[in-house]
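>>> Need a 3D model of the sequence below.
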Amino acid sequence: MLRPVAGTIKENGRNPDHRVDQRPERHYGRHIPHGVSFRLHSVIRMRSLLSPLRVVFLLPLSFVACTPATPAPKAASGAASPAAGPVVPTDELHWLRDSAEYRAITIQTYRVALEAAAQASAGRPAGSWAIAVDADETIIDNSTYEVELQRQGLVHTDAAWKAWVKRGERVAVPGAAAFLTGVQKLGGRVAVVTNTVQSLCPDVAANLRALSLPYDLLVCRAENGEDRKESRWKSIADGTARPDLGPAEILVWVGDNIQDFPDQSQALRSQPESAFGDFGVRFFALPNPIYGTWEKNPPR
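Sure thing, here's the model as predicted:
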């Protein structure tokens with residue numbers, strides 16, 4: 001929405017736009033989720049500010065005491081210190097991993113998307129049309145990667161991300177398998193278009209196979225290629241993505257970032273509802289509160 005991660009919590013040179021790195025569609029300027037950094041720094045700063053205040057507040061009390069205070073008994077030698085509690089994930093990550101609402105949203109979105117594909121493809125020859133899906137946080141879930149980072153107090157790096165992808169431990173997003181299988185039964189092709197770089201494409205393919213997520217084309221990003229996907233969608237439509245399959249018109253798109261849809265950007269957020277006419281018809285968006293191009297939008 002990590003690779004050999006090293007270091008402690010820091011911004012890690014974050015670019016709020018799209019940075020081109022080794023990870024799939026998330027080279028949108030990944031860093032430790034805002035909540036973690038903010039909360040940790042807030043706690044540290046509050047402790048530093050409160051320390052002198054304790055001294056100022058307690059000093060006068062020593063002069064008004066009637067009798068000398070009895071020193072508190074010292075802890076027995078070797079007494080155990082209070083155990084540090086488990087690291088609590090950010091609210092966003094907790095919601096994505098543990099809420100019934102997230103599962104309901106992804107399942108219902110995929111159900112409606114399949115109905116839209118069936119309606120749009122009616123009367124078309126099998127193999128002449130396709131649907132395009134993003135990979136990360138659309139059909140495969142990387143939240144375990146986020147959990148591991150937060151528990152270790154680490155941030156995303158290209159090396160950590162590469163190591164995570166190669167582990168092949170990502171799980172399927174709820175509803176994704178039924179959607180992809182349903183599209184193929186209707187006679188459509190499944191095109192997975194991801195911003196994962198080409199060198200990691202075999203690892204993505206292996207993970208999809210392990211999850212029994214069917215697809216016909218897996219189109220990754222060139223090592224130094226742009227993160228916009230229009231040219232790759234065009235290669236599917238004109239048949240150059242996989243010449244052995246021939247051309248296929250894309251009828252439905254599913255993604256977790258606004259740029260997973262043709263000619264869309266964060267500028268859409270300021271447009272009237274009428275500008276969202278394709279959403280729910282041929283564009284289907286899934287929630288990703290962890291990372292994305294939305295991060296650079298100024299808060300309201």
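>>> Wait, Leu114 touches Gln184, no?
No - counting by CB atoms under 8 Å, Leu114 stays clear of Gln184, with 11.0 Å between them. (C-beta placed from N, C-alpha, C; glycine too.)
>>> more crowded one of these two?
Leu114 (24 against 16; other CB atoms under 10 Å).
>>> Any figure for the gap between that one and Val204?
23 Å (CB to CB, to the nearest Å).
>>> now Arg97
In this view, Arg97 and Val204 are 21 Å apart by CB to CB.
>>> Show me which of the two is the more surrounded one.
Val204 (23 against 14).
>>> so the more buried one makes contact with Val197?
No - under the criterion of CB under 8 Å, Val204 makes no contact with Val197, lying 9.9 Å away.
>>> Just give me the residues shared between the contact sets of these two.
Taking CB atoms under 8 Å, 6 or more residues apart in numbering as the contact rule, Val204 and Val197 both touch Cys220.
>>> And for the residue nearest to Val204 when sequence neighbours are not counted, the neighbour number?
What sits nearest to Val204 in space, not counting adjacent residues and going by CB to CB, 6 or more residues apart in numbering, is Thr196, at 5.4 Å. Look at Thr196: counted by other CB under 10 Å, it has 24 neighbours.
>>> likewise Asp278?
Residues near Asp278, counting by other CB under 10 Å: 14.
>>> do the same with Gly127
Applying other CB under 10 Å, we find 14 residues neighbouring Gly127.
>>> would you say it is within a helix?
No - Gly127 is assigned coil when assessed by DSSP: H, G, I helix; E, B strand; the rest coil, not a helix.
>>> Report the buried residues of the helix or strand hosting Trp164.
For Trp164, the host element (DSSP states H and E) is helix 158-167. For helix 158-167, the neighbour count (16 or more other CB atoms under 10 Å) marks Asp158, Ala160, Trp161, Lys162, Ala163, Trp164, Val165 as buried.
>>> Dump those to a markdown table, plus distance to Val147 and pLDDT.
As requested, the buried residues of helix 158-167 are arranged in a markdown table below (distance: CB to CB, whole Å; pLDDT from 0 to 100):
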| residue | distance to Val147 | pLDDT |
| --- | --- | --- |
| Asp158 | 19 | 93 |
| Ala160 | 13 | 96 |
| Trp161 | 14 | 96 |
| Lys162 | 18 | 97 |
| Ala163 | 15 | 97 |
| Trp164 | 11 | 98 |
| Val165 | 16 | 98 |
